[in-house]
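**Q** Give me a model of this one.
(one chain, ligands or ions: 2)
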Amino acid sequence: MSREDMGTGPQMMALDRALVLSLAVALRTAEMYRADNAAALAVVERLAEHFAQRAAAGPLDVEVRNRCIFAGGRRVRLTAADYPRLAYLMRVFGEWGVQGLTFMPSLSAEHLREFLWAAAHDRAGNPEALFDRLSTAAVAEIDLMETAGGRQTSRRARAEAGLGPWGDTPESIYLRALTVAQDAVDCLRGGDAVAAKRIRRVTQSIVDGVTSDPSSLLALTTIKDYDVYLLSHSINVAILASLLGVRLGFTKTQLGELVLAAFLHDVGKTRLPEALVGKPASLSDQEWVQMRRHPELGAMVLVEQRHPTRSVMRALRVTLEHHMGYDLGGYPRMDGLSSTCLFSRVIMVVDRYDALTTPRPYRRHNFTPTEAIALLADQAGAGLDPVVLRHFVQMMGVYPVGTLLRLTGGTVGVVESPPPEGAPSTRPVIRLLKGNSTISLAEKDARGTFLHEIAEVVNPGNVGQVPAVRSEGLVFEVRPHG
Ligand SMILES: [Fe+2]
Ligand SMILES: [Fe+2]
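**A** Ligands and ions are numbered 1, 2, ... in the order given. Next up is the predicted model:
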């Protein structure tokens, strides 16, 4: 029976009302009783029954809007007598800082119980932490409702971070992405499925981040940690791809799919020995043969996912194609394929840029961002899509974020953000290494002469790119290798 077939009649309205009231009662019960209490179990059973009756209508959102409760997008009519339970539910959602919850039709009484008792003891904290404690199966059946403004953090956490109601700092987006990437790698290495929902939430926050504060996220891509290369590389590629996607005019849905694909493009490396992936030296011919299997292995990882959505299938194609090259001269070779998809061509460009600007212990010369851009430009039309590449070069500017510059007076600084709107493309904003203050190279004196001039691009100790961000909680020191 579809949602339409179930109708909007009195029967449905009564069911919605009963369900919302049961949910409030169950949350309250979980707060007061142990999970093995017989009366508490009966309450959970009753709630599970209500959900089962609605299961045919698909996933069910229960949310609070303008101090009214909505179930499945329809306002639930409650009487004055119901108000205490309605107020309780609104308070719980408020403490979590979420608009509501989504319940999947497959929801079982067991997972419902697991969620209720975990939730009862984690209300004042960050809902992310609560969901982290749930089993993968329970997380697959219940989700926090996202809003157009992005994933919401708890109100308390937002207040502590000094953020607005829907705020997410670029650093928090990056750190969360790092945690999720680590979890995904651990799950895959352990032979488990990836927590697709958690990855989706992070990719969504990256999309929201690049649309609201592109410069800060771009600066974060200069974090290159060779020790966790696979993790920081996946996140950097996801951020760079989404920034490029915005420039190419992708819709928000397309951006979400692109970021997911970028995040997972090297997932096949989790199927290779860690010693090979993290080898701090050049690979032998034999090892290269193994390494070049990662696109196919990645496609296999994604095929094995339990719920292959359209986004996962797109990511699968990117995983398989991201080393094929624009002219299909790369690997793996596929008979009958006439071109790679646009997502793959976008990810190919940013993947190479991030790889080139990451210091490798075995490279004799690590590339500055300016050198990396020049190297990519040489591959236009051959390995890389020329149109995509042109947009990328324009986006990164003449001196990309993370470039170390020496000014004519001898002062040295790192490019922190691209030139301000309307300024020449050669005049970015730099952070001085001494004193930690920022200056815009577009600044002029009263006579209209530029205050600062660039003398040269520096490659400090053969590191190539320098982290362009300073923030607590993230490691930014430059560690020359080799
Ligand atoms: Fe790769
Ligand atoms: Fe890669």
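
**Q** For ligand 2, what's the nearest residue on the stretch 301-450 of the chain?
**A** Closest to ligand 2 within the stretch 301-450 of the chain is residue 351: 4.2 Å, counting by Cβ to the ion. C-beta coordinates here come from the backbone N, C-alpha and C atoms, glycine included.

**Q** Neighbours of that residue, how many?
**A** The burial count assigned to residue 351 is 23, neighbours taken as other Cβ atoms under 10 Å.

**Q** Is the nearest residue to it once chain neighbours are set aside part of a helix or strand, or is it coil?
**A** Closest residue to residue 351 in three dimensions, ignoring its sequence neighbours and counting by Cβ to Cβ, 6 or more residues apart in numbering: residue 237, at 5.3 Å. Here residue 237 takes the helix state, with states given by DSSP: H, G, I helix; E, B strand; the rest coil.

**Q** So residue 237 is in contact with residue 348, correct?
**A** No: the pair formed by residue 237 and residue 348 falls short of the contact definition of Cβ atoms under 8 Å, at 10.1 Å.

**Q** hang on, the earlier thing: just the pLDDT for the residue of the stretch 301-450 of the chain closest to ligand 2.
**A** What the model reports as pLDDT for residue 351 is 97.

**Q** which stretch of helix or strand covers it?
**A** helix 342-356 (DSSP states H and E).

**Q** Quick check: next helix or strand after that helix?
**A** With DSSP H and E, the next secondary element past helix 342-356 is helix 369-377.

**Q** Give me the distance from the following helix or strand past that next one to the chain's centre.
**A** Beyond helix 369-377 in the direction of the C-terminus, DSSP H and E gives the next helix or strand as helix 386-396. How far helix 386-396 lies from its chain's middle: 23 Å, per Cα atoms, centre = their mean, to the nearest Å.

**Q** what's in contact with helix 386-396?
**A** The set of residues that contact helix 386-396 without belonging to it, under Cβ atoms under 8 Å, 6 or more residues apart in numbering, is 243-244, 247-248, 326, 342, 345-346, 349-350, 353, 369, 373, 376-377, 379-380, 418.

**Q** ok, which residues in the protein are in contact with ligand 2?
**A** Within the chain, the positions adjacent to ligand 2 are 266, 351 by Cβ under 5 Å from the ion.

**Q** okay, now the domains of the chain?
**A** Listed by automatic domain parsing, the domain ranges of the chain are 3-155, 170-396.

**Q** Mark which of the contacts of helix 386-396 are buried, thanks.
**A** Buried members of the contacts of helix 386-396, scored by 16 or more other Cβ atoms under 10 Å, are 243-244, 248, 326, 342, 345-346, 349-350, 353, 369, 373, 376, 379-380, 418.

**Q** from these, which two are the most distant?
**A** 326 and 418 (25.6 Å; Cβ to Cβ).

**Q** so how many other residues sit close to the residue in the stretch 201-350 of the chain that ligand 2 sits nearest to?
**A** Ranking the residues of the stretch 201-350 of the chain by distance to ligand 2 (Cβ to the ion) places residue 266 first, at 4.3 Å. Residues near residue 266, counting by other Cβ under 10 Å, number 22.

**Q** Give me the distance between it and residue 326.
**A** From residue 266 across to residue 326, the span is 19 Å (Cβ to Cβ, to the nearest Å).

**Q** Ok, residue 181 next?
**A** Counting by Cβ to Cβ, the gap between residue 181 and residue 326 amounts to 27 Å.

**Q** And residue 317, by the same measure?
**A** To residue 326, residue 317 is 15 Å away according to Cβ to Cβ.

**Q** neighbours around residue 59, how many?
**A** Quick note: residue 59 (other Cβ under 10 Å) scores 15 neighbours.

**Q** let me fix that: residue 381
**A** Residue 381, neighbours per other Cβ under 10 Å, totals 12.

**Q** now residue 10
**A** Using other Cβ under 10 Å, residue 10 has 8 neighbouring residues.

**Q** ditto for residue 300
**A** Summarising burial for residue 300: neighbours were counted as other Cβ under 10 Å, giving 16.

**Q** I figured it was touching residue 268, is that so?
**A** Yes: the pair residue 300 and residue 268 qualifies as a contact (Cβ under 8 Å) at a distance of 7.5 Å.

**Q** give the contact list for the closest residue to ligand 2 within the stretch 51-200 of the chain.
**A** In the stretch 51-200 of the chain, the residue that lies nearest ligand 2 is residue 181 (12.6 Å; Cβ to the ion). Residues counted as contacts of residue 181 (Cβ under 8 Å, 6+ apart) are 230, 231, 234, 235, 263.

**Q** mind listing what's buried in stretch 402-415?
**A** For stretch 402-415, a neighbour-count test (16+ other Cβ under 10 Å) marks 402, 403, 404, 405, 407, 411, 412, 413, 414, 415 as buried.

**Q** which residues are in contact with that stretch?
**A** Taking Cβ under 8 Å, 6+ apart as the criterion, the residues outside stretch 402-415 that touch it are 219, 221-222, 357, 368-370, 399-401, 428-434, 439, 452-460, 465-468.

**Q** which ones among those are found in helices?
**A** When these are checked against helices (DSSP state H), the matches are 219, 369, 370.

**Q** what about the closest residue to residue 65 other than its chain neighbours, neighbour count?
**A** Counting by Cβ to Cβ, 6+ apart, residue 99 is the residue found nearest to residue 65 once chain neighbours are left out, at 7.3 Å. Applying the criterion other Cβ under 10 Å, we find 19 residues in the vicinity of residue 99.
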